[in-house]
Structure formats: structure tokens, C-alpha cells
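> need coordinates for the below:
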Amino acid sequence: MSSFKHTNVLLLVLFFILIMLIGLYTTLIQTQNTLYKELRNSLHHAMKSIDLTLFHGHKAVNEASQWLGRDCNDVVLTGIRALVATIPDVRTVNLVKNEEIYCTSVFGGVNYKTHLADYAHGGLLLLQGNSVTPTRSLLVYKGDDKPDGTALAGIDGYYIYNVLSAVQGKSTFYILVGSQAMDAEGKVSAVPELENSVLIHSRHFDYTLMADTHFLSTPVVFLQQQKEMILIVTFFSFLTTLLLSRYLLYRQTIEFKLKNALARKQIVPVIQPIIDGENQKIVGGEVLLRWRHPIQGNIPPDVFISAAEQAGLIKNVTNYCFRKVIKALNDTCLNAESSLLICFNVSANEFTTGEIIQTCRSD
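Presented below is the predicted three-dimensional model:
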């Protein structure tokens, strides 16, 4: 019995752990899916803001294209400087011809070499800084190539990384342009190699937003997000374990064992014959019950009959006994010269209703 109790305790502990693990794993997956969707939504929200900024750059280079090929005089300078002053997010406007910047809204008529091949698919270029602000990142938007050259619009990196910083939350966001990336602090570097990330691509401009999803699998984030759910899982695990313990205790009751014995046909009626002393013929028999337990062996009726009465199973036992005896007598095909007298020991509880009569007549 002591060994059995230890086995039950071990089973309950393992069951509690299993339910906890299943509950926590399910909660973890749901949390990760929810955070992943929120992460993608944040990326799309950031992309809308960055696209709007780049549309401003697109507008600036389109309007600046009217001065391409013209000398960098006061009229041209006034025009491109007016673009910087009136179009949001644009920091500089430059005119380029033959791979050389020849007119800029900051310095006027100057000559700076540039490499248009550095622009991602001819459109965008990330820089850590320029000659005006060497430590401040910027994103350069290049207009379409025209016979007289092209125009460039410098967009302050602050407008970009400020958007990333505002929405990134626990993750780390990057904007990818060609082989360069800028993080939410404005640092420009090579594209980082991340084990877990999510990428979305702009439909209007040639850039990609990337988010590090490593944080989704960290225990700290899980605990922060699901404190209440963890308590619910713990309570549910405890409750189901308690129910299992009660079931295990019930399995040890005589009621359960009797029901199981009836279902497995372990209770067997035996007939003790009644013999006529004059002619030595069988005139009937007395039905006796035996419980043939697979482990405990034969259990006498004085043990289980009283238990069946207390458990309310005595009617089940009686009905089962009647059916078994009738079938056995029919199967033996006894050719008795006269009716056989079959005696049953019936509980007094059977006579509280008329069910015993119906039982006798049913078969």
C-alpha cells in the first residue's frame, strides 16, 4: 500500500508538470504570435511614415529637375533653396552632371565627385554623414537620370531613425538600403546578420525594414507579457491534478472495484446443487456468488455484498447474477423431470420496490 501511495504521488507530480508545460507552451506560442503580429504592424506603421518622407524627397528632385543643365546662378540657387525651405524633411537639394555635384543648396556652385552607381538600383543611398554634418546620418534620394543630369535630395537621417525609435519597442529596427543599414539610433553600418528577423519591403521605394525577433523567445518578455496567464495555467494545472487525485482515490474504493468487476465479468455465480435424498436426483440449486479478483483472488460474498449495498450497487449485482444463471441453465440443456428449484440470496433492499419481480419475469 505504501508503494502504491508513492506511485500515485509520483504520477500526480508528473501530471501536474505535464499540464503546466502544455499550458505554458501553448501560452508561449500564442504570445509569440501576438507579438509577431504587433511587430509587423509596427513595421508597417513605420514604413508609412518613411514612405511619406521619401515622397517629399521625390517631390524635391522632380521640381529641381527644371534647373538641370543650367549654370548655378542666383536664380537656380534661390529655386533649390526654396525647395529645402518649403518641402518637409528635405535637408539639401543638389544638381549633378557627369558624376559631379556642381550646384548645392548649401554651398552654391561647387564641384564634388559622386558615384551614382552606389545608389541602390539607382534610387537611394545611406550615408553616415557628409561634409556639412559628418556625424549625422542622412538618406539621399536620386531622381531619374535625364540628358542634362539628375537631382539629389538629402533627407536628414533624424526623420528616419526617429520613426524607427518611436515604434520599435523591445525589438531593434533597421532600414536597409542596398548593402547598408541604419538602426534606430542613426548609426549606419553593413546589414547585420540576424538569426531571427522579419522583413517587409516598401512598394514605392527601394528599401526594406527589418526587425530583430530574437526577443520573442526570451523568458523575461514572456513573464512580462503573461503574468496573469501563468497564474491561470498554474491554477488550472493544480485543479486538474486535484481532480486526478480524487479519481485515483475513487479507484481504490469498493464501489469502483465492484463496477469494474461487473464490467469485466469477475463476479461469477456458482450453483450448489440441492439433491433429493430419496432418489439422489438434482431437484434444484442455491446460487452463490464469488468475486474472482485477478490480484486478491476469490473474495467472499460477505465482504463485497455488504459493500455493494452501501454503494447502491446491489441491484446491479442481482440483475447480473440472474442473467448469468438463466443463461447457464439454458446452455446446459438440463432435462429435468420436474421444475428445478433455484434459490437466490437477495438483499432486503430489493424488496423496497417491485423491481425484483420485474427482474424475475424479464428473462
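> C-terminal to the helix or strand harbouring Y247, what's the next element?
With elements taken from DSSP states H and E, the one containing Y247 is helix 227-251. Following helix 227-251 in sequence order, the next helix or strand is helix 254-263 (DSSP H and E).
> what mean pLDDT does that following helix have?
For helix 254-263, mean pLDDT is 82.
> now it: buried residues?
Neighbour-count burial for helix 254-263 flags I254, K257, L258, A261, L262 (criterion: 16 or more other C-beta atoms under 10 Å). Using the backbone N, CA and C atoms, a C-beta is placed for each residue, glycine as well.
> contact partners for F238?
F16 (C-beta atoms under 8 Å, 6 or more residues apart in numbering).
> repeat that with 10 Å
Each residue near F238 by C-beta atoms under 10 Å, 6 or more residues apart in numbering is listed here: F16, I19, M20.
> give me the buried positions along the helix holding Y247.
Buried residues in helix 227-251, counted by 16+ other C-beta under 10 Å: M229, I230, V233, S237, T241, L244, S245, L248.
> where in the protein is pLDDT low?
When residues are selected by pLDDT under 70, those of the chain lie in 1-4, 122, 131-133, 333-338, 362-363.
> wait, what's in contact with N73?
Counting by C-beta under 10 Å, 6+ apart, N73 touches W67, G79, C103, G108, G109.
> neighbour-wise, which of those residues leads?
In terms of neighbours by other C-beta atoms under 10 Å, the contacts of N73 top out with C103 at 26 neighbours.
> quick one, strands of the stretch 251-363 of the chain?
Ranges of strands in the stretch 251-363 of the chain, per DSSP state E, counting those that start in this stretch, are 267-275, 282-293, 297-299, 341-344.
> surely T359 meets K315?
Yes: using C-beta atoms under 10 Å, T359 is in contact with K315, at 8.2 Å.
> okay, and the common contacts of those two?
Joint contacts of T359 and K315 (C-beta under 10 Å, 6+ apart) are E350.
> still on that earlier bit, format the contacts of F238 as a markdown table; extra columns: distance to F55, neighbour count and secondary structure.
Supplementary listing: the contacts of F238 in a markdown table, determined by distance: C-beta to C-beta, whole Å; neighbours: other C-beta atoms under 10 Å; DSSP: H, G, I helix; E, B strand; the rest coil:
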| residue | distance to F55 | neighbour count | secondary structure |
| --- | --- | --- | --- |
| F16 | 58 | 18 | helix |
| I19 | 54 | 19 | helix |
| M20 | 52 | 17 | helix |
